[in-house]
Every structure is written in structure tokens, then in C-alpha cells.
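Chemist: predicted model and sequence below, questions to follow.
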Number of protein chains: 2
Amino acid sequence: MNGTKSDYSFNESIILQHVGRTKIANPDSVNLSFGFPAPDLLPIEALNHAASAALIRDNVDALHYTGGKGPELVKRWMLQRLRKFGIEADEDCYLAVYGANQGIELAARVLLNPGETVWVEASTYFNALHMFRYAGAEIEGFPVDHDGLDVDRVESALKQAVQSGGALPKFIYVMPNFQNPTGASMPLERRRRLAELAKYYNIFILEDDAYGELRFEGAHLPSVYSFAPERVIYLGTFSKTLGPGLRLGSVIAPNEVIRRMRCLTLDSPPSPVTQEILGWLLYNYDYDAQIERLNSRYRARRDAMTDAVRSEFGDAAAYTRPEGGFFLWLAFPRETDAGQLHRLAEDRGVSVVPGNPFYAAGGNSPFIRLCFSYCGESEIKRGVKLLGQAYFEHLNKL
Amino acid sequence: MNGTKSDYSFNESIILQHVGRTKIANPDSVNLSFGFPAPDLLPIEALNHAASAALIRDNVDALHYTGGKGPELVKRWMLQRLRKFGIEADEDCYLAVYGANQGIELAARVLLNPGETVWVEASTYFNALHMFRYAGAEIEGFPVDHDGLDVDRVESALKQAVQSGGALPKFIYVMPNFQNPTGASMPLERRRRLAELAKYYNIFILEDDAYGELRFEGAHLPSVYSFAPERVIYLGTFSKTLGPGLRLGSVIAPNEVIRRMRCLTLDSPPSPVTQEILGWLLYNYDYDAQIERLNSRYRARRDAMTDAVRSEFGDAAAYTRPEGGFFLWLAFPRETDAGQLHRLAEDRGVSVVPGNPFYAAGGNSPFIRLCFSYCGESEIKRGVKLLGQAYFEHLNKL
């Protein structure tokens, strides 16, 4: 387009194809593609009640630029809640944002100059890649294994960069809990070491914890933030627990970072009306019970999915059994064309996401991401069966 | 801060001082500083009713990433409404945003590379200056007279740039209706000529129409967009008519621009919950009656303010009598130190905005912006009287 930005080079179609879609081409398809909470567990009645109570309580204040009591109540609640993950932060280290996505975007805009480097997990969340690319960053991926980001590899790369005079990353983007897309989680020791590296090399960690509340096995682990609050930008969101339509999340970061983010957001809180509603709901609704409902449901769905995958694919697909979150990540033999497999699966009536958009480098990646949070168990079984049929059709085409 | 963006150079304190503040230091102050609607005219009861109806109607769809019916309803309503301003746009030229501010931000991010030039009205909206600076733009200001932007000056500067091989602006940011801060409006002929210039020189116009509905004198004029839809990015918002706490506005622009903006917003609509509510409200509430209520109120307040200014200042302050919007812009003699005047006024108990932040160049600007939308007439009179006392105190200090 004449007159528009010249360095606009990322792959728009891939993004638009995978992001935020709740409607897909074939409405009868089993939807295992996108990360959406179980619809019947979204607290719509509580929200409706909260809306009414909050708008009566705060009246026209709710319609101010800065809102009424809501933003303050949400902040207070969140700072308390985050202690669960070892986070003890002052309120000047908190910023409300329009979901974790805005947190990623603000971090990229505050920290990155074009040409600077960001290190990510390979594979990682495609929207984050999109935003780092848009900020003009060079992106380098580091392997993820059953225990999440391979911190050994990160450490040797940091050492090597210093020795060779190469560029250190401005920050490392990481999801320690139930990583999107692999579902892997970092054990305590890796978190601590990553934090130490950030301190030693004076780089930031961008810790995306969108799924942290959704642990249905094992004990909660401290966040990376808890080991290096001066070097970590921590992101949380209500999208996975109360509903993405709220568009509300939070950033916990050093005050200098928060101040710069506030400046970019014009010191204006996101969705004052939404924060009024949530500010009421969080103090008048059993959030822990909601988390328990979600986790008990998701545990059953994960089990249904792993059972179905085992019975359909046997040894043909490897995966890490996630202890929480939304996703199962299937690793197929190297020669698998995941793009073709994804299209064959769509044709048969199951929607999945192929591996490619989760990698900065692009190219074919023989992986498929399945989401187990959205569909019920029988749908999951049906969907995995259809994927299995598509896979064997794909094998015949190789 | 070590490790953060190096080219972060704009004046944070000025921005944070003036943006979005509804609470000021002295709660007994008369607040003539910020642009906020009359609180008692915000439709909080209608909104409460709409929230309930919409959440019952759309149920959990409201909590989806893409929302339920709301975003579609808001779009349809808005495209119809904008015909009032001569705008006939297809839906692929529409994007819902978090208020006009997000529209400005997206335009800056989609169109500008660092070092490129933006032309603005001098004076203009400080948040826009902030966002253009952050995008790394060179900003050049053009005079505003009683008829808004001086299009003659723009035309000769464009000619000169072409003749001298100088840089053409990437776009010109303009508020044709009740400009913030001067209150001036562009007559039809200037709008048409500006549109012709944009077409001839192949540049964009960023048309910010935050106040367009709030015309309480004269007939509505066609937007600049209506004369050059292929070259104009038009911004509207519900902030001034239903309440800024909704954080909802719209961009109308060529589809190529919209597509790039959608990509930056991850193809995800702003505040689905808010759009559900608004989607119900717009079709079940008399919006025109709301506009009439606002305009009748604001007309009386503008009159009270201009009367008070005339009686306090006589010839010492010049102004353009606005036909709509929120603001009166007082031009004082050249030697006036508006910063000092603003502080003296604060001390006496009236809060106003000095001229400086409205200019890209900075330095002392002997202007004061007064907002007449927020306070009642007796408050306005009291505030202007206090400002008058501060002004005469200031004269004695010169």
C-alpha cells in the first residue's frame, strides 16, 4: 500500500488465521484448535449480578476515564492473590492491562528498539512472536523439553554472547506454567536458575503466566518473578479463569518499567466499566471454587484427550502430559507435513493448529497443538479419532 | 533505567499531569481543566439495564474473545450513524477500538517509521503529540485560526516540500470539529481543500472527530473523510456522549489501513463485554435525545463561560466562541507566563490547563484551556472569577 509503513513484513495471514477465532469454517467441526475456557463454566450469572451491583454502587464514576472504586479493588485483590505464586509486590509495581496480550505488547514497546534481540521458547505463543516481530526484534528460539525451557542452553548462549561480544537478548520470553503450546512446566530449580541468569547478565525475563491458576496436578511453584523481582515482568490474566471477553489482565514489574508502560497507556486504566464489575465480583464470589470447578473439568478432559491420543496414535505421536493449562502438543515423525495434516483434519471435521506459527523460524514443524479445555470428553474423543484418520491419510500421501 | 528503551525521550511528567485525571489535588477546586462530560448526563441507568439485558441475551458468548452479537450490532449502528457526517463506508473499512486514543496510536504505529514527519495543528491534542513522538516522528505544527487549521499554510508548505525535495508528511492530524484545545471548526471549503491536498500529494489525513456529535450551533458539516475516503483515517468515540469509561470508539479508513490495524490488535475486538452492553443500548435507547440533552446543557455552559470571561478579562483575553465541543481557549498577551498563571489559579482553587502541552515545540505559550462541559454554570462563574484574580496577581508579578 502506497504510503504505509515499509517494514511491515510479518505474516498477517497466519496470525489472522489462528488468533482469537471462536467461529470456524465448518460449524459441525470438533474444535480442538483455540485456547478457550469451557463455555458452561464461565460465570455469566455472577457477572450479570456483579454488573448490576457495581453500576449501582459506583454510579457515574464507573463511566469516568479513571473509573470508580473498581480499578483499586481489582488491584488490591490481585496483589493479594499473587502471593500464591510467591509474588510480593507493591502497588507501584502493578498495572492493569487489556489481557496478557497487552502486557506483551507494552513490554515489547517499552523495552525493544528495532534490531535488538529477544529470546523465546521454541515453540512459543504466536501472538508474542507477532508482537516482537512488529517491534523490529531479532528473535532467537531455545528448545523446550518435558521441563519447559532448556535453561542450560540459555546459559551457554549467554556465556558465548559475552565471550564473543555478541548481542545479549533484551529479554527472554517464557511461560513457566503449562507452556503454550507444549503444556510443559518448569521445575523449581530451572525457575531459580533462569532468575539468577537474568540478574547476572542484567537482562529481563518476560514471564507469561496466563495459565498458572489452572494447575490440576502437583503443587503450585513459585514464579520466576519471586526469585528476581527487579528483573522480571510478570503477566497474569482473567481470560482463562473468568472469560477472555473481559479483556483484563495485570503486569507486575519494576516500577521503572510500570511507569513507562503507564505512559504508553496514557495513565488511563483499561475498561473502567469492566473493572467496576470485576471489582465487585472478586470480593463477592468464590473465585477459588471457580478455579476448582475449572481444574476438575480440565483434568478429566486432559485425561480423555491423552487416552484418545494413545489409542489412536500409539507411538506415532509423542507428547508431554501437562499438569495444567489448556494444551496437548503432539510431536509427529520428522517427515510429517503438519500443514497438510491440519488441512486434512479440517476436511474431516476437526480443527487443530499446526506447529509452524509457534516458531519464529517458520518452515514445516511436525507438530499439532490440541486444546482440551473447550470441548467435552466425547467431542474430544471424536476429534482425536478424526485427526487419527487424517494422519493415516496423510501417511499414504507421503 | 538500565536495559530499557534508549530513545524514550518525551516528557512523561507533563503527560501524566494532564491526562485522564478526574481527581485533582484540591477537591474543593473548580475543575475547568479536563475534558469530561457532565456527570449527571451520563446514562448510567440505561447502561445498567442494557448490561443485564445484553448478558442475558448473549450469555457466555459475551465472554468470548470475539464477543456475541454486540460487536456486530455496534458496527452496524455506527456505520449508519456516520452518514450524518457524510461517511458512507463498508464494514471492511470499520474497526472498533478502545476510544479515539487507540485509533491515534494504531494510525501512528501502522503509518509511521521513526524519523518520518507528521503535521499537526498548533495547538493540538497532547495525547496525540505524545503518541507521534513515541513513534519517533518529527512533528511540525501549522497555525489554527478562527476557522481551524490554516489550509493555505499547509498548501504552501506542501508545494515547498515538493519543490525543495523536502519530506512530505506521512499524514496530517486534524480535528475539524471543535478542535481541542481551541474549539475552532473548519468550514466546508477548508475541509474540501484539505481532502484535495491529501489526494494530490498522496498523503493521509488523520481526522479526529471526538466532539463531532456535540454541535450546539449551526448545521453539521461533512467530514474531511467524505471528500477523500481513500486518503482519510476517521476517528469517532463514545467517550464524549455516553462516557469515557466505556473505552469504545471506531476507526473508518481504507481497508488496507484497517487490515494492518486489525493485525496489530490481533484481530480481537475491544472489550467484548462492553460491546455486548452497548450493542443492546444503541438499539433500545434514544441516543438522539441524549445528544440533545448534552448539547442543550453545553450550550448554556459555554454561554456562562464566555459571559464570565468577557466580564472578568475584557480585552485581556481573546477567544474563538466554539459552536460545540468542550473547550474555550483563552489567548493572553504575549508576555503572559501561562505556566505561572496556571499555578496561581490552582492555588486560588481553580484548575485549568496551560498552553504548553498542546504544542509540539514546547516553550511558553500564553494560552489557557478551559473546559465548560464538566461544571455547572455557577461553578464556571466562580472558577473564571478565580482565574481572573490569578491573572491580575500574575500581572503584578511581571
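Modeler: Yes, it's here.
Chemist: which is the succeeding secondary structure element to the host helix or strand of A:Gln290?
Modeler: Using DSSP states H and E, A:Gln290 maps to helix A:287-313. Past helix A:287-313, further along toward the C-terminus, the next helix or strand under DSSP H and E is strand A:327-331.
Chemist: mind checking the pLDDT average for the helix holding A:Gln290?
Modeler: For helix A:287-313, mean pLDDT rounds to 97.
Chemist: buried stuff in it?
Modeler: For helix A:287-313, the neighbour count (16 or more other C-beta atoms under 10 Å in any protein chain shown) marks A:287, A:290, A:294-295, A:297-299, A:301-302, A:304-306, A:308-309, A:312-313 as buried. C-beta: built from backbone N, CA, C; applies to glycine.
Chemist: burial check on the closest residue to chain B within the stretch 101-250 of chain A, number of neighbours?
Modeler: Nearest residue of the stretch 101-250 of chain A to chain B, counting by C-beta to the nearest C-beta: A:Gly243, 3.0 Å away. Look at A:Gly243: counted by other C-beta atoms under 10 Å in any protein chain shown, it has 25 neighbours.
Chemist: quick check: closest non-adjacent residue to it.
Modeler: In space, and not counting its chain neighbours, A:Gly243 is closest to B:Leu63: 3.0 Å by C-beta to C-beta, 6 or more residues apart in numbering or on different chains.
Chemist: which residues does that neighbour contact?
Modeler: A:Leu42, A:Ile44, A:Leu47, A:Leu242, A:Gly243, A:Pro244, A:Gly245, A:Leu246, B:Pro272, B:Val273 (C-beta atoms under 8 Å, 6 or more residues apart in numbering or on different chains).
Chemist: can I get these in a markdown table including pLDDT?
Modeler: A markdown table is the format used below for the contacts of B:Leu63 (pLDDT from 0 to 100):
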| residue | pLDDT |
| --- | --- |
| A:Leu42 | 91 |
| A:Ile44 | 90 |
| A:Leu47 | 90 |
| A:Leu242 | 94 |
| A:Gly243 | 92 |
| A:Pro244 | 91 |
| A:Gly245 | 90 |
| A:Leu246 | 92 |
| B:Pro272 | 90 |
| B:Val273 | 89 |
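Chemist: could you tell me the end-to-end distance of stretch A:75-94?
Modeler: 7 Å (C-alpha to C-alpha, to the nearest Å).
Chemist: no wait, stretch A:351-369
Modeler: Stretch A:351-369: ends 10 Å apart by C-alpha to C-alpha.
Chemist: right, is that stretch up against chain B?
Modeler: No - on the criterion C-beta under 8 Å from any C-beta of the partner chain, stretch A:351-369 is out of touch with chain B, staying 12.6 Å away.
Chemist: in that stretch, which residues are buried?
Modeler: Going by neighbour count (16+ other C-beta under 10 Å), the buried part of stretch A:351-369 is A:351-360, A:364-369.
Chemist: A:Pro37 is in contact with the residue of the stretch 101-250 of chain A closest to chain B, correct?
Modeler: Yes - if you go by C-beta atoms under 8 Å, A:Gly243 and A:Pro37 touch, sitting 6.6 Å apart.
Chemist: and the residue of the stretch 51-200 of chain A closest to chain B?
Modeler: For the stretch 51-200 of chain A, C-beta to the nearest C-beta, closest residue to chain B: A:Leu63, 3.0 Å.
Chemist: picking up where we left off before, give me the phi and psi for the residue of the stretch 101-250 of chain A closest to chain B.
Modeler: phi 140, psi 130 (degrees, to the nearest 10).
Chemist: what does the stretch 251-398 of chain A have sitting close to chain B?
Modeler: A:254, A:256-257, A:259-260, A:262-264, A:266-268, A:270-274, A:276-277.
Chemist: filter those residues down to the buried ones.
Modeler: Neighbour-count burial (16+ other C-beta under 10 Å) applied to those gives A:254, A:257, A:259-260, A:262-264, A:266-268, A:270-274, A:276-277.
Chemist: so which of these are in helices?
Modeler: Using DSSP state H, A:Val257, A:Arg259, A:Arg260, A:Arg262, A:Cys263, A:Leu264, A:Pro272, A:Val273, A:Thr274, A:Glu276, A:Ile277 are the members of those that sit in helices.
Chemist: pLDDT below threshold where in chain A?
Modeler: Low-confidence segments of chain A (pLDDT under 70): A:1-27.
Chemist: walk me through the domains of it.
Modeler: Annotated domains of chain A cover A:24-42+A:289-397, A:44-284 [automatic domain parsing].
Chemist: tell me which parts of the stretch 51-200 of chain A are close to chain B?
Modeler: Checking the stretch 51-200 of chain A against chain B by C-beta under 8 Å from any C-beta, the hits are A:51-52, A:55-56, A:59-60, A:62-67, A:98, A:101, A:109-114, A:127, A:130, A:134, A:170.
Chemist: mind running it again at 7 Å?
Modeler: A:51-52, A:55-56, A:59-60, A:62-67, A:101, A:110-113, A:127, A:134, A:170 (C-beta under 7 Å from any C-beta of the partner chain).
Chemist: just the buried ones from those residues, in ChimeraX syntax?
Modeler: Burial among these is assessed by 16+ other C-beta under 10 Å; the matching ChimeraX selection reads:
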select /A:51,52,55,59,60,62,63,64,65,66,67,101,110,111,112,113,127,134,170
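Chemist: checking A:Glu207 next. Helix, strand or coil?
Modeler: Three-state call for A:Glu207 (DSSP: H, G, I helix; E, B strand; the rest coil): strand.
Chemist: that one contacts A:Val232, doesn't it?
Modeler: Yes - the pair A:Glu207 / A:Val232 is scored as a contact, 5.4 Å apart, by C-beta atoms under 7 Å.
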